[in-house]
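Structural data only, the sequence is not supplied:
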């Protein structure tokens, strides 16, 4: 049994942010995550550090939070934020009236903008659609959500926080009507760990209502699925937004070597409902082409979808729902934090930690905005020059990951999960999407003893199915060629078969 | 001035090369145009005829009526495979097996692959599961992990040899060296390997490895065989090298590393193709043309968001349906519908719904071939390549 003060449920950006906040306030805590970090909406978003421009017109409160957090995060998270800048582009036919409202709202919210002529915009992003009417700059950035979570967790671990991943909360322990702990079940062994604490924070995002229901409560949420496409290379160095009211396919974000184009918004009933529909891909690709004509013919390497945990509103479009957040006190020892954005994760963590301090009768103030994220000094960043330092024994040719990297990570976290290795090394994130290197990484894990060959066959099978599910909705062009090659390797050369 | 070939074949893979060899043997002047090394270089080098059942020739009869195998017919399938064997044998790369029986060979995952004809170095890859098997791996080789195999075969073991290099091609080059091979054999002798068979990844030399296998086998008194590996695959490269030599010996011409950039037509006849090259282009004239560019992987077909195009002559392509229906949900389910797409031909391998009269089509670009589903890759390419060559040879 683990005893602590604060139990945090959920290892997305909010949960990880809370762990860091509490660590900096010297408050014992234990974070429990059912998968790996950033496994929900955090890892399945477009990796945009919002300037707030997208919400300026309809949701000024969320916009104001975005711009102020944006400025903080670019300061404290140098190694996970890329200061790309962003453009809102207006295409022929897009409303001039909306453009005027946009500029006015940005000014009121404190989002700095500059209106650019088409030729000046094309100087910044040469493959923009040359027929744009104009472009407006905003301070958008690109952010690495997984790295962000890991860095927040580093602060917690260095302080001495308990971090449990791949453990699912299956029960909330209640005594005299109050929540006093949880039972968490290990994903692979099935063993249950009991964790006792004085306060439970429900930061489970889209799974928030499920957690609240374990404590006999509920949280009003709307689940909204958003799908995205990953391109094979970086088509733009700036974030490109469409200057019009929020709708499908209005954003392209550069992220390391690739671009992410999105999104859609479809109400779903289950947080695990994250299948991408080919029709969504068609919409995103067609819309993206309008902003960047080169998008047509660009190789699309994968699709994915995340489920946004939005605050419940009465009726209307999901896009009309505020991106603001709310803290719900269930008055039984559990606090839920709902809504919000990746961009505002730190603020959300600050507000709920303030609440914790109040409940515990302490007097500590939040320091997360002042101190740079710990652990960044060890990060190399993406620069190719650094990656090329060691060309020996490369197992993932697309992302230049070496056998040593795989061995080190496998040992460090003692993982039996290929996904954990992929997150931490970028193995399998390139054009072949792990078609070649997963087989190798699993072979290495057999050698280091992290995994038995029998387990690895099972993991390989599962990996190939999951990979295929992500690739299938956008399967044409060169990616289709790659896919048939990978198919011929596993089914032809290696002799894998459908399970009977 | 430029020569006019009797037949110009676009695509230098299995079907194109076998068609070219057939035509050259029949005394035709033939040119093969290829944009690069074909996809068969990535293959296991084995000739899969049809994976279903024990007897390929029988199983072929039960394939759907529209399968391209039926265009060739059982007699030609059988004789073309025999011809392939004699062509390879003359190149020093004899193949074992015949079209009446399938065999199961060991894969790097410790699974089995059903195939029909195998390179000499894989002759003993079909073994009884009770027999002891000893795997030899090479230090640092990133595409071969013996644990995958030994976990599936309880009666097995493995040893690792340090070849000083770790890449498939690097190790294979080492085996070209006599001293290296002798050193390897004496290391093997020192291992005291139990009675049974010895298997190693297919790295035993750049050229056909049968001789190396035989030498090791004689020295150790054990049956020795190679296990096909992930690309780059030596057995695939050796196979292709053999076909290329065979064609050159017969006076065939190769236009290599050049892509076709334009096609000249006159009425219902194709007259020439122009190849893009660095600096200048090359024009190749022919009386008859053959399309053997393969399916998607090799680039004979190209899929866009909602259509599939044939990339050289822009022939009409059969498509099984809209994009949503191209793939099954299960990665491992046999036969994604997209595999059916390709060129529909008449009984004499001429594309239907096309106004071109001097064009023949063979190999995996043929509609309904479903190579992965039926496990018929090289076999179907050989049979249709030879059959189409027979038909068009008569026309020239």
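Arrived safely, thanks for sending. Model, not experiment: these values are computed from the prediction.

Looking at the stretch 151-300 of chain B, what residue ends up closest to chain A?
residue B:151 (3.4 Å; CB to the nearest CB). (C-beta placed from N, C-alpha, C; glycine too.)

list the contacts for that residue?
Each residue near residue B:151 by CB atoms under 8 Å, 6 or more residues apart in numbering or on different chains is listed here: A:452-454, A:457, B:110.

go on, residue A:183?
Residue A:183 makes contact with A:169-171, A:173, A:192-195, according to CB under 8 Å, 6+ apart.

run the last query once more with 7 Å
A:170-171, A:173, A:192, A:194 (CB atoms under 7 Å, 6 or more residues apart in numbering or on different chains).

Tabulate those residues (CSV), appending distance to chain B, neighbour count and secondary structure.
Formatted as CSV, those follow (distance: CB to the nearest CB, whole Å; neighbours: other CB atoms under 10 Å in any protein chain shown; DSSP: H, G, I helix; E, B strand; the rest coil):
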residue, distance to chain B, neighbour count, secondary structure
A:170, 29, 12, strand
A:171, 34, 14, strand
A:173, 40, 17, strand
A:192, 30, 13, strand
A:194, 36, 13, strand
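
roughly how far apart are the residue in the stretch 301-450 of chain A positioned nearest to chain B and residue A:450?
For the stretch 301-450 of chain A, the residue closest to chain B is residue A:443, as judged by CB to the nearest CB, at 3.1 Å. Distance from residue A:443 to residue A:450, counting by CB to CB, to the nearest Å: 11 Å.

ok, the two, which is more surrounded?
Higher neighbour count among residue A:443 and residue A:450: residue A:443, with 26 against 22, using other CB atoms under 10 Å in any protein chain shown.

quick one: residue A:11 is in a strand?
No - counting by DSSP: H, G, I helix; E, B strand; the rest coil, residue A:11 is not found in a strand; it is coil.

May I have the phi/psi pair for it?
Residue A:11 has phi and psi values of phi -110, psi 30 when expressed as degrees, to the nearest 10.

List the contacts of it.
If a contact means CB under 7 Å, 6+ apart, then residue A:11 has A:31, A:33, A:37, A:149, A:165 as its contacts.

Confirm for me that the second one is in contact with residue A:169.
No - at 9.4 Å, residue A:33 and residue A:169 do not qualify as touching, with contact defined as CB atoms under 7 Å.

higher neighbour count, those two?
When residue A:33 and residue A:169 are compared for neighbours, residue A:33 comes out ahead with 28 against 24, by other CB under 10 Å.

need the contact list for the more buried one.
Per CB under 7 Å, 6+ apart, neighbours of residue A:33: A:10-11, A:15, A:164-165.

go again using 8 Å as the cut-off
Residue A:33 touches A:10-11, A:15, A:39, A:163-167, counting by CB under 8 Å, 6+ apart.

can you check residue A:335 too?
Here residue A:335 is in contact with A:199-202, A:327-329, A:352, A:355-356 (CB under 8 Å, 6+ apart).

Redo the contacts of residue A:183 as JSON lines? Include pLDDT.
Shown next, in JSON lines, are those (pLDDT from 0 to 100):
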{"residue": "A:170", "pLDDT": "97"}
{"residue": "A:171", "pLDDT": "97"}
{"residue": "A:173", "pLDDT": "97"}
{"residue": "A:192", "pLDDT": "97"}
{"residue": "A:194", "pLDDT": "97"}
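
Out of these, which is nearest to residue B:144?
The shortest approach to residue B:144 among the contacts of residue A:183 belongs to residue A:192, at 40.2 Å (CB to CB).

how close does the closest one get to residue B:327?
Counting by CB to CB, the gap from residue A:192 to residue B:327 is 40 Å.

again with residue A:211
36 Å.

ok, back up a step: among the contacts of residue B:151, which are in helices?
Among the contacts of residue B:151, DSSP state H puts A:453-454, A:457 in helices.

Could I have the ChimeraX command that selects the buried members from those residues?
Under the burial definition 16 or more other CB atoms under 10 Å in any protein chain shown, those of the ones in helices among the contacts of residue B:151 that qualify are selected in ChimeraX by:
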select /A:453,457
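
check the ones in helices among the contacts of residue B:151 against chain B, which are close?
On the criterion CB under 8 Å from any CB of the partner chain, A:453-454, A:457 are the entries of those that sit beside chain B.

Could you let me know which of those residues ends up closest to chain B?
residue A:453 (3.4 Å).

I'd guessed that closest one sits against residue B:154; true?
No - using CB atoms under 8 Å, residue A:453 is not in contact with residue B:154, being 12.0 Å away.

Tell me how chain B divides into domains.
B:4-94+B:236-395, B:108-227 (automatic domain parsing).

Check the offset of the longest one from the chain's centre.
With CA atoms, centre = their mean, to the nearest Å as the basis, the distance from the averaged C-alpha position of domain B:4-94+B:236-395 to the chain average is 11 Å.

and it, average pLDDT?
Mean pLDDT, computed over domain B:4-94+B:236-395, is 96.

what's the span of it, first residue to last?
Taking CA to CA, to the nearest Å, domain B:4-94+B:236-395 runs 15 Å from one end to the other.

Just checking that domain against chain A, any contact.
Yes - interface with chain A: domain B:4-94+B:236-395 contributes B:42-44, B:48, B:295-297, B:299, B:302-305, B:323-324, B:326-327, B:329-334, B:336, B:338, B:372, B:375, B:377 (CB under 8 Å from any CB).

Now, these that are in strands?
Members of the residues of domain B:4-94+B:236-395 next to chain A lying in strands (criterion: DSSP state E): B:302-303.

hmm, which of the residues of domain B:4-94+B:236-395 next to chain A are the buried ones?
Neighbour counting with 16+ other CB under 10 Å marks B:42-44, B:48, B:295-297, B:299, B:302-303, B:305, B:323, B:326-327, B:331-332, B:334, B:336, B:338, B:372, B:375, B:377 as buried within these.

Narrow the residues you listed to those in helices?
Going by DSSP H, the helices hold B:372, B:377 from those.

Of the contacts of residue A:335, grab the buried ones for PyMOL.
Buried residues among the contacts of residue A:335 (16+ other CB under 10 Å), as a PyMOL selection:
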select buried, chain A and resi 199+200+201+202+328+352+355+356
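
now the contacts of residue A:335 in a markdown table, with pLDDT?
Output for the contacts of residue A:335, formatted as a markdown table (pLDDT from 0 to 100):
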| residue | pLDDT |
| --- | --- |
| A:199 | 97 |
| A:200 | 98 |
| A:201 | 98 |
| A:202 | 98 |
| A:327 | 94 |
| A:328 | 94 |
| A:329 | 95 |
| A:352 | 96 |
| A:355 | 96 |
| A:356 | 96 |
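
With secondary structure and distance to chain B as added columns, please give the contacts of residue A:335 in a markdown table.
Below are those laid out as a markdown table (DSSP: H, G, I helix; E, B strand; the rest coil; distance: CB to the nearest CB, whole Å):
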| residue | secondary structure | distance to chain B |
| --- | --- | --- |
| A:199 | strand | 43 |
| A:200 | strand | 38 |
| A:201 | strand | 38 |
| A:202 | strand | 34 |
| A:327 | strand | 41 |
| A:328 | strand | 38 |
| A:329 | strand | 44 |
| A:352 | helix | 40 |
| A:355 | helix | 45 |
| A:356 | helix | 45 |
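
Which secondary structure elements does the strand or helix carrying residue B:393 sit against?
Take DSSP states H and E as the rule and residue B:393 turns out to sit in helix B:377-395. Contacts defined by 3 or more CB pairs under 8 Å, 6 or more residues apart in numbering or on different chains; DSSP states H and E place helix B:377-395 against strand B:4-10, helix B:14-25, helix B:69-72, helix B:74-90, strand B:282-291, strand B:359-361, helix B:371-374.

and residue 81, how many neighbours?
Answering for chain A, as no chain was given. So residue A:81, with other CB under 10 Å, has 20 neighbours.

could you do chain B instead?
As a burial measure, residue B:81 scores 24 neighbours (other CB under 10 Å).

where exactly do the helices run in the stretch 51-200 of chain B?
B:56-61, B:69-72, B:74-90, B:146-150, B:168-174, B:178-189 (DSSP state H, counting those that start in this stretch).
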